[in-house]
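Undergrad: Starting from these lines, generate the structure:
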Amino acid sequence: LRMRFIEKSVRNRRRIAGECLRMREFVDALYDDDPELLLIASGDANDGAGHDFFEKYFLLSDPLENMLGSPFYGAQTVLTAVLLDPCYAPMPQLQWSAEFDDFVDEIYGRRALLDQIFVSCRLVEHVVRAR
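TA: Numbering: from 1, shown residues only. Next up is the predicted model:
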């Protein structure tokens, strides 16, 4: 059962990695057109069961982190996951929308935030004020 789950999950995670790459390419194209862009992106963005296992053995990096961008390629284009960052979310430990037994990483009662809100650098200061 575990091996079947892992095989299916590897396929799904490759799809997720591809979606994150396309999203990052789209965001980069928007920034190419307008470097002063104010951007909010939201939606279902999660890795599910086995996050640590798959990152370590199959992907080498977290696809969601890749989607957020890197300051090495332009700090102004990095997106911030405001619901996960303690600077913006008053109680990040309460920011979760699903609880499940992660039998791959052997974490029972694992909590995950499925729905995310990402904002551009230029909007972060407004998020802090809105808190």
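
Undergrad: ok, residue 31 touching residue 37?
TA: Yes: using Cβ atoms under 8 Å, residue 31 is in contact with residue 37, at 5.6 Å. Glycine gets a C-beta too; all of them are placed from N, C-alpha and C.

Undergrad: Show me where this protein has its strands.
TA: Using DSSP state E, the strands found in the chain span residues 40-44, 79-81, 98-102, 107-112, 115-120.

Undergrad: mind checking which of the ones you listed is nearest residue 26?
TA: Residue 26 lies closest, by Cβ to Cβ, to one member of the strands of the chain: strand 40-44, at 9.4 Å.

Undergrad: Could you tell me which helix of the protein is the longest one?
TA: helix 2-33 (DSSP state H).

Undergrad: Flag every buried residue along stretch 110-126.
TA: 110, 112-113, 116-121, 123-124 (16 or more other Cβ atoms under 10 Å).

Undergrad: measure that stretch end to end?
TA: End-to-end distance for stretch 110-126: 31 Å, by Cα to Cα, to the nearest Å.

Undergrad: do the same with stretch 114-124
TA: Taking Cα to Cα, stretch 114-124 runs 21 Å from one end to the other.

Undergrad: and it, what's its mean pLDDT?
TA: Per-region confidence: stretch 114-124 scores 86 on mean pLDDT.

Undergrad: residues in contact with it?
TA: For stretch 114-124, the surrounding residues in contact (Cβ atoms under 8 Å, 6 or more residues apart in numbering) are 36-46, 68, 75-84, 88, 97-98, 127.
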